[in-house]
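Q: The amino acid sequence is not available; the structure is as follows:
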């Protein structure tokens with residue numbers, strides 16, 4: 001049975017279509033009476049579809065309109081959301097009153113790092129606009145991929161998902177910044193499930209991006225590989241647990257750098273934690289000279305691309321580790337102010353319902369000097385080639401990830417396939433144990449996103465070349 005829904009907020013009038021947003025918002029933030037005031041207004045429309053097995057499970061179109069007021073008074077925040085422009089002045093007063101009340105009860109005081117105000121209009125620049133593709137065409141394309149998965153012998157079930165979301169964002173703050181931005185975001189994931197004698201295995205392929213529906217065409221090879229991977233995994237032996245040299249493909253290495261290191265680099269995870277301040281002291285060595293890690297919002301087309309963050313700060317490339325040494329971290333204006341560092345354009349909010357917090361954009365390990373994949377494995381007597389990720393968890397500097405697919409490496413060659421490979425350890429030890437960084441940097445977006453502080457899924461990207469890590473703990477039999 002197909003479930004359809006077209007929810008919309010009925011209290012969104014008047015809207016941006018008949019209001020001079022710049023004059024309205026700029027005037028209100030200027031006259032707020034707060035030490036700092038910002039208003040964000042968001043108008044977004046999303047279309048999504050889901051196939052489960054042989055069924056079209058869900059088709060949905062949604063329209064979301066709303067905004068927030070965030071103010072700083074005596075170092076304390078006030079935050080109010082709304083779904084109508086009516087009485088917006090009252091919402092500003094409510095936020096100011098909330099901040100004043102908080103300042104009487106809290107000894108904690110926030111300080112914003114200074115930035116240069118900007119005024120800009122950001123329009124879409126799309127290769128192919130998903131909004132020009134009819135729902136029928138989308139159903140045919142992604143339904144065809146789903147049927148292709150199901151037609152593979154041994155595949156017992158599937159899940160295929162797609163979404164695209166257009167957003168118009170208006171932003172003004174009392175420092176003088178005004179932004180009118182358009183964003184497009186989209187993603188898809190296709191998953192094949194194979195089951196035999198109580199054992200269930202999965203293969204998957206994902207894709208995503210900001211500016212081109214065309215990336216979703218011609219994915220038949222990827223679809224076939226996902227189905228093949230699920231079926232072949234049924235015959236793979238469970239890996240023998242132990243310490244191994246592990247070569248990670250660009251996707252798994254990208255997941256590692258995002259989850260295990262990137263989150264620790266976010267300013268709010270450091271600013272109020274003396275222990276992490278000591279561990280993540282700028283200038284400390286964390287790897288070999290060939291290890292370089294950065295986060296950037298400048299890569300056009302990737303899901304982590306954004307020209308400005310949600311505090312109106314221009315994004316940039318922020319080096320985190322340069323030639324093995326910690327040189328930076330990811331900041332909002334607040335965490336930069338607390339640590340007396342510079343904002344990096346990493347303050348992001350999932351929607352208007354949330355205040356911005358430090359979040360990643362596109363986080364990568366840069367190319368290294370160790371050549372191709374074959375160069376990385378040629379001296380490995382016994383190791384594991386770990387590919388893709390099926391999820392995992394982090395706890396401070398400890399991490400555990402499950403590889404989507406894995407093979408043994410024997411005498412410098414890729415050998416038999418194995419399954420149930422979990423990669424774990426301490427992130428700082430692991431960074432120091434990276435003994436090879438290839439030259440094939442690759443970033444591939446997916447349909448999911450990053451989760452933090454209840455804000456999920458935020459569009460991000462991550463990538464890496466192939467990397468080799470010594471002394472990795474592998475869970476297995």
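A: Perfect, thanks for sending it. Bear in mind that the values here come from a model prediction, so they are computed numbers and not experimental data.
Q: all contacts plus neighbour counts: C-alpha atoms, from now on.
A: Noted.
Q: Outline the domain layout of this structure.
A: Segmentation of the chain into domains, based on automatic domain parsing, reads 3-232, 237-475.
Q: what would the ones you listed look like in JSON lines with mean neighbour count and mean pLDDT?
A: Below are these laid out as JSON lines (neighbours: other CA atoms under 10 Å; pLDDT from 0 to 100):
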{"stretch": "domain 3-232", "mean neighbour count": "18", "mean pLDDT": "93"}
{"stretch": "domain 237-475", "mean neighbour count": "21", "mean pLDDT": "95"}
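Q: Test my guess that residue 473 contacts residue 243.
A: Yes - assessed by CA atoms under 8 Å, residue 473 is found in contact with residue 243 at 4.6 Å.
Q: after the host helix or strand of residue 208, next one along is what?
A: Element membership for residue 208 (DSSP states H and E) is strand 199-209. Later in the chain than strand 199-209, the nearest helix or strand by DSSP H and E is helix 220-233.
Q: how far off strand 199-209 does that next one point, in degrees?
A: 160 degrees (axes from the mean of the first three to the mean of the last three CA atoms, to 10 degrees).
Q: The next helix-or-strand element following helix 220-233: how far from the chain's middle?
A: Next along the chain after helix 220-233, taking DSSP H and E as the criterion, comes strand 237-238. Strand 237-238 has its C-alpha centroid displaced from the chain centroid by 32 Å (CA atoms, centre = their mean, to the nearest Å).
Q: So what are the sheet partners of strand 237-238 and their directions?
A: Sheet pairing here is set by DSSP bridges, and for strand 237-238 it gives strand 413-419 (parallel).
Q: Which strands and helices lie in contact with the helix or strand just after the strand it pairs with?
A: Beyond strand 413-419 in the direction of the C-terminus, DSSP H and E gives the next helix or strand as strand 422-426. For strand 422-426, the elements it packs on are strand 398-410, strand 467-475, judged by 3 or more CA pairs under 8 Å, 6 or more residues apart in numbering; DSSP states H and E.
Q: List the neighbouring strands of the first one plus their orientation.
A: In other words, strand 398-410. Checking strand 398-410 against DSSP bridges gives partners strand 382-395 (antiparallel), strand 413-419 (antiparallel), strand 422-426 (antiparallel).
Q: Just send those back as JSON lines, with distance to residue 214 too.
A: Output for the strands paired with strand 398-410, formatted as JSON lines (distance: least, CA to CA, whole Å):
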{"stretch": "strand 382-395", "distance to residue 214": "23"}
{"stretch": "strand 413-419", "distance to residue 214": "33"}
{"stretch": "strand 422-426", "distance to residue 214": "35"}
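Q: and residue 25, which of those strands is closest to it?
A: strand 382-395 (40.5 Å; CA to CA).
Q: Name the residues that touch the closest one?
A: Outside strand 382-395, the residues within contact range by CA atoms under 8 Å, 6 or more residues apart in numbering are 244-252, 255, 259-260, 399-412, 414, 421.
Q: For residue 108, which of the helices and strands packed on strand 422-426 is the nearest?
A: Across the helices and strands packed on strand 422-426, residue 108 has its closest neighbour in strand 398-410 (29.6 Å, CA to CA).
Q: what residues does that closest one touch?
A: 202-203, 229, 233, 252, 256, 260, 377, 380-394, 414-427.
Q: likewise stretch 360-368?
A: Residues contacting stretch 360-368 (CA under 8 Å, 6+ apart): 253-254, 257-258, 262-263, 266, 290-297, 299, 302-306, 330, 346, 436-441, 443, 459-465.
Q: Please apply the same query to stretch 260-276.
A: Contacts of stretch 260-276 (CA under 8 Å, 6+ apart): 277, 280, 320, 328-332, 335-336, 338-339, 357-360, 363, 394, 396-399, 427.
Q: Quick one: the strands in the stretch 1-150 of the chain, in order.
A: Ranges of strands within the stretch 1-150 of the chain are 3-5, 36-52, 55-73, 76-82, 119-122, based on DSSP state E, counting those that start in this stretch.
Q: Dump those into CSV; add distance to residue 184 as well.
A: Below are the strands of the stretch 1-150 of the chain laid out as CSV (distance: least, CA to CA, whole Å):
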stretch, distance to residue 184
strand 3-5, 21
strand 36-52, 10
strand 55-73, 14
strand 76-82, 23
strand 119-122, 12
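Q: Indicate which one of those is closest to residue 105.
A: strand 76-82 (9.7 Å).
Q: Adjacent strands (with direction) for that closest one?
A: Counting by DSSP bridges, strand 76-82 is paired with strand 55-73 (antiparallel).
Q: Okay, angle between the partner strand and strand 36-52 too, please.
A: Interaxial angle of strand 55-73 relative to strand 36-52 (the same axes, to 10 degrees): 170 degrees.
Q: Run the chain-centre distance for strand 55-73.
A: Worked out by CA atoms, centre = their mean, strand 55-73 lies 18 Å from the chain centre.
Q: do the same with stretch 379-392
A: Counting by CA atoms, centre = their mean, stretch 379-392 comes out at 23 Å from the chain centroid.
Q: With stretch 262-281 instead?
A: Per CA atoms, centre = their mean, the centroid offset for stretch 262-281 relative to its chain is 20 Å.
Q: And for stretch 323-342?
A: Using CA atoms, centre = their mean, the offset of stretch 323-342 from its chain centre is 19 Å.
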